[in-house]
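Visitor: below are the sequence and a predicted model; questions follow.
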Amino acid sequence: MAHESHSSGHSGGHAHVIPQSKLIATMGALTGLMLLTIFAAQVPYWFPAFAWLKDQHLLMNLIAIGIAFWKAWLVVSIFMGVKFATKLTRLFAIGGFVWFTLMFITMIDYFTRPWEPVKGWEAGNSSALPRNVARPE
Amino acid sequence: MGGHAPVTNDPDADEVYFQYEDIDQQQESYVVGMWAFLVTEVMFFGALFLMYAIYRWKWHTDFYLVHKQLDWQLGGLNTFVLLISSFCVAMAVHYAQLKKPKQQLICLGITLACAFGFLGIKTIEYSSKFEHNLFPNHSFVYADHKVTSYGMEKKDVTGRAAGVEHAKKVKKPQEGDPNRARLFLSLYFAMTGLHGLHVVIGILVIGTLMIMIARKSPLITDYVPTEMIGLYWHFVDLVWIFLYPLFYLIPK
Amino acid sequence: MSATVIDGIQEAQQEPTQKNYLNADHTIASWLLTVDHKRIAIMYLIGVTFFFFLGSIAAAMIRVELTSPNGLFLTSETYNKTFTAHGVLMIFFFLIPAIPAVMGNFLLPLMIGARDLAFPKLNLLSWYLYMISGGFVLAAMILGGIDAGWTFYTPLSSIYSNTQITLALVGLFISGFSSIATGVNFIASIHKMRAPGMTWFRLPLYVWSHYATSIIIILGTPVVAITLLLVVFERVFAIGVFSPELGGDPVLFQHMFWFYSHPAVYIMVLPAMGIISEVISCFSRRRVFGYEFIAFSSIAIAGLGFLVWGHHMFISSQSVLQGVIFSLLSFLVAIPSAIKIFNWSLTMYKGSIHLRTPMLYALGFIGLFVIGGLTGLFLASVDTDVHLTGTYFIVAHFHYVMVGGTLLAFLAGIHFWWPKFFGVMYNEFWGKVSAVIVFLGFNFTFFPQFILGYLGMPRRYHMYYFAQEWQIYHVASTIGSGILGIGLILPACYLTASLIRGKKCSHNPWGAKGLEWEAAATPPVTENFTVMPIVREDPYDYDAIADSALYEEERKKGKKPALVGATDDEEKKD
Ligand code: HEM
Ligand SMILES: [Cu+2]
């Protein structure tokens, strides 16, 4: 109900003011993480000792994406105030971010396209499966 | 929070639109409406990220080679600029809650400046791409290969001439398959372009808000409008947080 | 606010002379600049009727053309443009907005006990966006037409077609925002604008179904918007994300398109189901059976609906594994739909059923939706679909669910709430006649198409000289569509007539429950309620015996009914 949660029903009565120090700390953390992600990406090129990292595709991708999610979490929870917000707001925030990952079900298609359970129907030159269009020359 | 300015203790001082019972209902409706809108934004960009993920997975080597055309320093600078703006919006909301319109306006002003700065840097980036014909168009040229929508003509007479002419201006060696290069840059322009559009909208909205606050418009009675616009702006920042590593810092 | 609240129920029996939202102001500007949800709903009603009319003309052209195996009067190109026009107009400009934007707009605030939606200006904006997008699409059709089908599959739409696709897609992009505006508005209103006492489980099921619909709208529409926008970019800037030459994948377009467009079929049908719940319980004089089940099945449909899009792509070279997964998931989505059907049936069981016009349409809905849903299961299993996809079987399937479902429910709703909208009663006799004609005409039109599809007639073909024996089915279908057309013109006539010289109806002609009937005037006043209603009862608090006895008695006596609207006999007199 609209009116259940109110304390006194007047302007700003239920607003959570995020203390300035917390905002500044968050800003600091975000800057740090930004530098970290740049550093992580460039380290193999800057320091020959870490050149082997260039081939660790999965690891490097995970680091980059992991940091991005961490930063996103900070922005959503503190700057956008979801951490202090009502349950409903949290539901929307989480729901939105969870739901769009459903779209990634599409990836199953791309991962398994070459898989053909019927013997003899596998992708071949005459098949429609491989999608590279024959180009002249 | 404790002490309020005396004005707000009088319920009549709060302008409430006719459809609402009281200011709380109005504010809560705004919050729900805004979050519902943000969900649509998440889905909007989510679809683009899905597309990116599929093509990146499929053509990761080419994408790695092509991504070197982007300038990670400028991108990093832009990340920082947006971060500052995001922080300032958060501070603006903070001051709005404390009813300090002057500080609030200053924070919003910095945000606005950052937004313009972001667009400025983006313009520099885009224009260098345009210079090298590295934007999706019908006569895309990459590493001397002319690429059209209907397949690739390799070094035909005109294409070569154009290619040679461009080669003079090229700073970075252009590696990777020209077709994939075009795919990558298509995604780059589509995603950063739509993000840029959001920045422009943000500028308009924040500018309007600042004018209204400065003029003490009766429509802005409390911090909620600032908070709503802040949410939008944080979302814009959020998208960039993902765009930056995904386009500028691709590992091999 | 608690100080101002008193019980609104008695207060509602206002003087009939009172100003209502219709006669509050008469200037054109007062309509075009209104923020009153009821006026916006009426403007939407005019809009969707207009587009429905245009779409029907295209349908008639298709049907006439198909009476001959060699085509009758259209070139192949024009035929393509005709069916595209039909699909685009009907889906994007009738089926998707029809029930939410017309009846939802009108009724939602009334049902939850609010003065308006949460964002009335946004609501008006949504109407303008709708009309502007309609303008774009009509312009595209006038300037040369669009020929890629309502699904706009790439690479036909992106590379090969030379028609006005860009313009049309921009239009559809805008219409997406119109939809989103409505969805956001409904969500905020349902969450925050409910009257005191109107708990979630006292909401009419109609409101629940709109809640589920709005969730689908805000989660799905942006995806299709961006997808269509990318096709526009591809046509204008040659960005090429769906071009196979560049390593892009045209099938990805289908994934993203159906990620929205399968849930979109539930945008069309969930509100319809909401109407049916209201109508069935009112005319059975019984509390809806299994309220929670119906409410949650709406939400379940909204959720599951997002997990089945691949069933449109079984032969689009998506991977075999994913085809199987989507096939299984598609079966699941039939369960919540079936729950609703069972609950409606059980609502009628031992009820006191009154076969008034809206009820006839509602019964028609149940029958046709069952057929449509069951044939959906044939299509959802990969192996039968390989044979049936791309044939008239599909055409029949989705017309059973969309016309038999959404259109019939729309008509049921229009007939049910017409007195509420305008304070007048239509001619009940013609109402019943038209309901029967629509039902018969519909089956006549679309049942032969199941057979045609099974025999192999491909959809979107405009000649079948290779199988002349199909002509009989096509001719039958065309005759049926003529009957259906008559059935649809009739309501247009008698409903319009009722506006001009219809009987003023009583406050609550059906004796229906719900705030919109019990606490608001007929037609409602500008801000809906003179006093804030307080809700003290559960919805659908019908008493089969008492409510019907009253109802029947009034009818027999033929005296001016207090609760009942104009009865058949009375209508015939004038
Ligand atoms: C009971 C659950 C349902 C199931 C299992 C189901 C299943 C299917 C399947 C598998 C297809 C694809 C056929 C093909 O292209 O080969 C299909 C097509 C279609 N269905 Fe359904 N359906 C259901 C309910 C609905 C409803 C309620 C609606 C609309 C109100 C609807 C509208 C459509 C439309 C418009 C198409 C054709 C799209 C096109 O290709 O143009 N369906 N259905
Ligand atoms: Cu479907």
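Guide: Right, received. Where do you want to start? Ligands and ions are numbered 1, 2, ... in the order given.
Visitor: residue 77: what's it in contact with?
Guide: Let's take chain A. Contacts of A:Ser77 were listed using CB atoms under 8 Å, 6 or more residues apart in numbering or on different chains, and they are A:Lys83. (Glycine included, C-beta is placed from N, CA and C.)
Visitor: not what I meant, chain C
Guide: Under the contact definition (CB under 8 Å, 6+ apart), the residues listed for C:Glu77 are C:Asp147.
Visitor: just the local confidence number for it, please.
Guide: In the prediction, the pLDDT value recorded for C:Glu77 is 92.
Visitor: where's it relative to C:Ser157, distance?
Guide: Going from C:Glu77 to C:Ser157 by CB to CB, to the nearest Å gives 15 Å.
Visitor: C:Ser477 now?
Guide: Distance from C:Ser477 to C:Ser157, by CB to CB: 28 Å.
Visitor: settle it for me: which of those two has more neighbours?
Guide: When neighbours are counted by other CB atoms under 10 Å in any protein chain shown, C:Ser157 comes out ahead of the other of C:Ser477 and C:Ser157, with 27 against 24.
Visitor: residues near the closest residue to the more buried one other than its chain neighbours, how many?
Guide: Excluding its sequence neighbours, the residue lying closest to C:Ser157 (CB to CB, 6 or more residues apart in numbering or on different chains) is C:Ala148, at 4.1 Å. Neighbour count of C:Ala148, defined by other CB under 10 Å: 23.
Visitor: skip ahead from the longest helix that chain C contains and say which helix or strand is next.
Guide: For chain C, the helix with the greatest residue count under DSSP state H is helix C:250-284. Reading on from helix C:250-284 to the C-terminus, the next helix or strand found by DSSP states H and E is helix C:291-304.
Visitor: packing partners of the top helix by length along chain A?
Guide: What stands out as the longest helix in chain A, according to DSSP H, is helix A:20-46. Other helices and strands packing on helix A:20-46, by 3 or more CB pairs under 8 Å, 6 or more residues apart in numbering or on different chains; DSSP states H and E, are helix A:57-74, helix B:72-97.
Visitor: the longest one and chain A in contact?
Guide: Yes: interface with chain A: helix B:72-97 contributes B:72, B:76, B:79-80, B:83-84, B:86-87, B:89-91, B:94, B:97 (CB under 8 Å from any CB of the partner chain).
Visitor: buried residues in the longest helix of chain C?
Guide: Buried residues in helix C:250-284, counting neighbours by 16 or more other CB atoms under 10 Å in any protein chain shown, are found at C:250-284.
Visitor: near ligand 1, which of those residues show up?
Guide: Residues shared between those and the neighbourhood of ligand 1 are C:Val265, C:Met268, C:Val269 [CB under 6 Å from any ligand atom].
Visitor: show the pLDDT at B:Glu28.
Guide: 88.
Visitor: can you tell me the SS state at C:Pro336?
Guide: Three-state secondary structure (criterion: DSSP: H, G, I helix; E, B strand; the rest coil) places C:Pro336 in helix.
Visitor: what's the neighbour count on the closest residue to it other than its chain neighbours?
Guide: In space, C:Pro336 comes closest to C:Ser297 once its chain neighbours are excluded; the distance is 3.7 Å by CB to CB, 6+ apart. By other CB under 10 Å, the residues close to C:Ser297 number 25.
Visitor: circling back: now the helices and strands packed on helix A:20-46 as CSV including mean neighbour count, mean pLDDT and distance to ligand 1?
Guide: What follows is these, written out as CSV (neighbours: other CB atoms under 10 Å in any protein chain shown; pLDDT from 0 to 100; distance: least, CB to the nearest ligand atom, whole Å):
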stretch, mean neighbour count, mean pLDDT, distance to ligand 1
helix A:57-74, 17, 90, 35
helix B:72-97, 23, 93, 41
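Visitor: tabulate these (TSV), appending distance to chain C.
Guide: TSV is the format used below for those (distance: least, CB to the nearest CB, whole Å):
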stretch	distance to chain C
helix A:57-74	18
helix B:72-97	20
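Visitor: how far out from the middle of the chain is stretch C:32-45?
Guide: Centroid separation for stretch C:32-45 versus its chain: 18 Å, with CA atoms, centre = their mean, to the nearest Å.
Visitor: quick one: mean pLDDT for stretch B:227-235?
Guide: pLDDT averaged over stretch B:227-235 equals 94, rounded to a whole number.
Visitor: if we can go back for a sec, got the buried residues for the longest helix of chain A?
Guide: Going by 16+ other CB under 10 Å, helix A:20-46 has these buried residues: A:23, A:26-27, A:30-31, A:33-34, A:37-38, A:40-41, A:43-44.
Visitor: show me the shaky parts of the stretch 1-150 of chain B.
Guide: B:1-15, B:143-150 (pLDDT under 70).
Visitor: strands along that one, start to end?
Guide: B:140-142, B:145-148 (DSSP state E, counting those that start in this stretch).
Visitor: partners of the first one in the sheet?
Guide: Translated: strand B:140-142. strand B:145-148 (antiparallel) (DSSP bridges).
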